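sequence? don't have it. structure:
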């Protein structure tokens, strides 16, 4: 769980996963169906996470590219996270 304030949220393209970023430098992925299960990306941004967005080819029927999460932080960095394998292992 976040240990400091949550700064940003983003829903996955299929509306099943919620990403949260906080002042604690971490990103969490939360499953709508498995509420007590979460994925944590520790130390994602020094100084806190300020923005999150899932990007991908939303109109592609194969769903490829839907599990790329982009994050921004107070460290001035933009990070790309391919969360597809983690989501499959933990939530599917």
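Looks like it arrived, so ask away. As the structure is a computational prediction, the values presented were derived from the model and not from experiment. Numbering: from 1, shown residues only.

hey, let's count contacts and neighbours off CA atoms from now on
OK.

three-state assignment of the residue nearest the centre of the chain?
Closest residue to the average C-alpha location of the chain: residue 19 at 3.7 Å, with CA atoms, centre = their mean. Assigned by DSSP: H, G, I helix; E, B strand; the rest coil, the conformation of residue 19 is strand.

what's the answer for residue 87, then?
Assigned by three-state DSSP, the conformation of residue 87 is helix.

Now for it: which residues touch it?
Counting by CA atoms under 8 Å, 6 or more residues apart in numbering, residue 87 makes contact with residue 39.

so how far is residue 30 from it?
According to CA to CA, to the nearest Å, residue 87 and residue 30 sit 9 Å apart.

shared neighbours of the two, anything?
Shared contacts of residue 87 and residue 30 (CA under 8 Å, 6+ apart): residue 39.

can you pull out the helices in the chain?
Taking DSSP state H, the helices of the chain run over residues 84-91.

for it, what are the low-confidence residue spans?
Filtered on pLDDT under 70, the chain yields the residue ranges 57-65.

need the strands for it, in chain order.
Here the chain has its strands, by DSSP state E, at 6-11, 17-22, 27-31, 38-41, 49-55, 68-73, 78-82.

Among those strands, which comes closest to residue 91?
Counting by CA to CA, residue 91 lies closest to strand 27-31 out of the strands of the chain; the figure is 6.6 Å.

quick one on the thing from earlier: need the strands of the chain in JSON lines (columns: distance to residue 91).
Compiled in JSON lines, the strands of the chain are given as follows (distance: least, CA to CA, whole Å):
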{"stretch": "strand 6-11", "distance to residue 91": "15"}
{"stretch": "strand 17-22", "distance to residue 91": "9"}
{"stretch": "strand 27-31", "distance to residue 91": "7"}
{"stretch": "strand 38-41", "distance to residue 91": "8"}
{"stretch": "strand 49-55", "distance to residue 91": "17"}
{"stretch": "strand 68-73", "distance to residue 91": "16"}
{"stretch": "strand 78-82", "distance to residue 91": "15"}
